[in-house]
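> Any chance you can model this:
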Amino acid sequence: MSAAGNPYKFGWGRDPRSPADARSRPFQIQWLPCFGRFSLVLARVLLEWSDRFGFNQNYCPERRFKLNMKNTTWIWTLSALLLAVQPSLKADPVSLTPTSGTLNTSRWEGNQTSQAQIDSAIASIIGSATVQYKQDVGQPETGALASFYMTTFSNTPSDPMDALIQYTGGPGDPFIDPGTAFLLVKDGNQDPAWYLFKLSAFNWDGTSNITLTGFWPNQGAISHVTIYGNVGTRVPEPGTLALLGLGLLAGGLARRRRG
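All right, here's what the predicted structure looks like:
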């Protein structure tokens, strides 16, 4: 079969059937999308690496690597597992109750009822953090990042003791820096009237769900939730770094071949 007519033909390296033009031949893979092309490149790199470092005792520099459908199946499987690393490393949801954490270390309580009084009481705890998100029961969200979070109140939406806070933004959207984040849960006139949680102590990542359960179950209810903090800066995810590392490995092996 000619090179042009073989959809599995890999045009990288030397071809014993036509060595004169093998290095100038581009990849002859038209039917695969970008993900498939990445899978094929990754497979070639891994096989070449195993050959060069002695895992294959029958290594021959002139040998051609041919892909068939059986090869393609395990290549796609390997690539899917690599890409699955990224979502699997995402932080777990955070679940908070009135007794979560350690009092005066990761959880604080107070009897102040007005927002001005509460702000004064927590100022030394939250430092430079500012209101990034606030949701009053039955009212629209407010705050600098109000468009990227939402809260669902439950156990009667108008008189709730439970709530779910979710991130609604996408991969490129801003989020609250988890290292500077504090969550305030406020009632009206109960004792205590509010709880403040240091979210980094509960491994919140800025985007995972926060579940609130059992706040003022006998009397009172949640009147509003507020997240204080700073706007976060995105860094490469572990899965992205792993794929980048494989790309660098591919480049290194390609240079070694040319050398």
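> Run through the residues that contact Gln190.
Shown in contact with Gln190 (CB atoms under 8 Å, 6 or more residues apart in numbering): 216, 219-220. The way it works is simple: take the backbone N, C-alpha and C, and place the C-beta from them, glycine included.
> Show me the shaky parts of the stretch 1-150 of the chain.
1-91 (pLDDT under 70).
> returning to that earlier point: who wins on neighbours among the contacts of Gln190?
The residue in those with the most neighbours, by other CB atoms under 10 Å, is Trp216 (21 neighbours).
> per-residue confidence at that residue?
What the model reports as pLDDT for Trp216 is 94.
> Please apply the same query to Gly172.
Gly172 is given a pLDDT of 88.
> Among the contacts of Gln190, which lie within helices?
Among the contacts of Gln190, no member is found in helices (DSSP state H).
> how about those in a markdown table, adding distance to Pro178?
Putting these into a markdown table (distance: CB to CB, whole Å) gives the following:
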| residue | distance to Pro178 |
| --- | --- |
| Trp216 | 26 |
| Gln219 | 33 |
| Gly220 | 29 |
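> buried stuff in stretch 168-176?
For stretch 168-176, the neighbour count (16 or more other CB atoms under 10 Å) marks 174-176 as buried.
> Nearest to Leu103 among these?
Ile176 (23.7 Å; CB to CB).
> what pairs with the closest residue to the closest one other than its chain neighbours across the strands?
Excluding its sequence neighbours, the residue lying closest to Ile176 (CB to CB, 6 or more residues apart in numbering) is Gly229, at 4.3 Å. Beta bridges link Gly229 to Thr130, judged by DSSP bridges.
> Surely Gly229 and Leu184 touch.
No. Using CB atoms under 8 Å, Gly229 is not in contact with Leu184; the gap is 11.3 Å.
> Give me the more crowded residue out of those two.
Gly229 (27 against 22).
> quick one: contacts for that one?
Counting by CB under 8 Å, 6+ apart, Gly229 touches 129-130, 132, 176-178, 180-182, 199.
> Report the buried members of the residues you listed.
Among the contacts of Gly229, those classed as buried by neighbour count (16+ other CB under 10 Å) are 129, 132, 176-178, 180-182, 199.
> what's the closest of these to Asp205?
Nearest member of the buried ones among the contacts of Gly229 to Asp205, counting by CB to CB, is Pro178, at 5.4 Å.
> ok, and the closest non-adjacent residue to that closest one?
Gly206 (4.4 Å).
> Need phi/psi at that neighbour.
Note on Gly206: its backbone torsions stand at phi 100, psi -20 [degrees, to the nearest 10].
> Can you give me the domain boundaries for the protein?
1-89+237-259, 94-229 (automatic domain parsing).
> For the residue lying closest to Gly220 once chain neighbours are set aside, give its distance to Pro140.
In this structure, Gly220 finds its nearest non-sequential neighbour in Gln190, 3.9 Å apart by CB to CB, 6+ apart. Going from Gln190 to Pro140 by CB to CB, to the nearest Å gives 25 Å.
> returning to that earlier point: for the residue nearest to Pro178, what are its contacts?
Taking CB under 8 Å, 6+ apart, we find Gly206 in contact with 167, 175-178, 181, 232.
> Also Phe215?
Taking CB under 8 Å, 6+ apart, one finds 97-98, 161-163, 185, 187, 195, 221-222 in contact with Phe215.
> Just send those residues back as TSV, with distance to Ser120 and neighbour count too.
TSV is the format used below for the contacts of Phe215 (distance: CB to CB, whole Å; neighbours: other CB atoms under 10 Å):
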residue	distance to Ser120	neighbour count
Thr97	26	14
Pro98	22	16
Met161	27	20
Asp162	29	18
Ala163	25	23
Val185	18	21
Asp187	18	20
Tyr195	17	24
Ala221	24	19
Ile222	22	25
